[in-house]
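J.: okay, predicted coordinates and the sequence, questions at the end:
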Amino acid sequence: MVVAIGALISAPLAGASAVGAALSTDGTLAGDTRVEKMGDGLVVTADGVANDITIRRRGNIVVVTDSGATVVAVEPCRPTSPHTSECPLPTTSIRVSAKDADDAITISPNMEAAGTLVGGAGDDQLNGGPHADRLVGDDLAATGL
Ligand SMILES: [Ca+2]
């Protein structure tokens with residue numbers, strides 16, 4: 001009997017979450033550029049718009065800018081403007097995925113972490129920093145990944 005009640009309650013909830021498919025689980029809108037830390041790694045995930053992402057260091061923080069999309073920050077990163085977020089150091093690695101459209105991704109020479117820049121489909125411009133970056137176009141077989 002309890003199981004049957006649970007099934008009745010959960011059914012409308014499942015339908016409601018399907019309606020909200022444009023929102024991801026943390027409430028960010030599709031098309032936004034998401035900035036987050038995973039351990040000491042900085043992860044930037046963009047969507048299918050023409051992104052222009054720059055990552056640079058300023059003192060003890062990492063500044064992530066995307067002039068082509070709204071930037072959304074996940075704690076401990078925080079937004080400082082609609083197109084900029086800041087994350088605390090340490091940052092030992094950087095991973096940026098820009099997905100489709102013609103994107104530009106740049107890691108500033110003042111970053112001390114190596115990056116993996118994934119342009120995705122489109123005519124992308126990937127500018128690595130001074131360390132051993134990995135630049136990945138949309139043909140994964142050609143890059144050995
Ligand atoms: Ca993109």
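T.: On my side now, so go ahead.
J.: tell me the predicted confidence for the residue nearest the centre of the chain.
T.: Residue closest to the mean C-alpha point of the chain, counted by Cα atoms, centre = their mean, is Thr45 at 1.8 Å. Reported pLDDT at Thr45 in the predicted model: 97.
J.: quick one: what helix or strand has the residue lying closest to it once chain neighbours are set aside in it?
T.: In space, and not counting its chain neighbours, Thr45 is closest to Arg34: 4.7 Å by Cβ to Cβ, 6 or more residues apart in numbering. From N, CA and C alone the C-beta is placed, and that goes for glycine too. If you go by DSSP states H and E, Arg34 is part of strand 33-38.
J.: tell me the helices and strands packed up against that strand.
T.: When contacts are defined as 3 or more Cβ pairs under 8 Å, 6 or more residues apart in numbering; DSSP states H and E, strand 33-38 sits against strand 41-45, strand 71-73, strand 84-88.
J.: list of residues touching the second one?
T.: Which is strand 71-73. 28-29, 32-36, 64-65, 79, 81-87 (Cβ atoms under 8 Å, 6 or more residues apart in numbering).
J.: with that, I have no additional questions.
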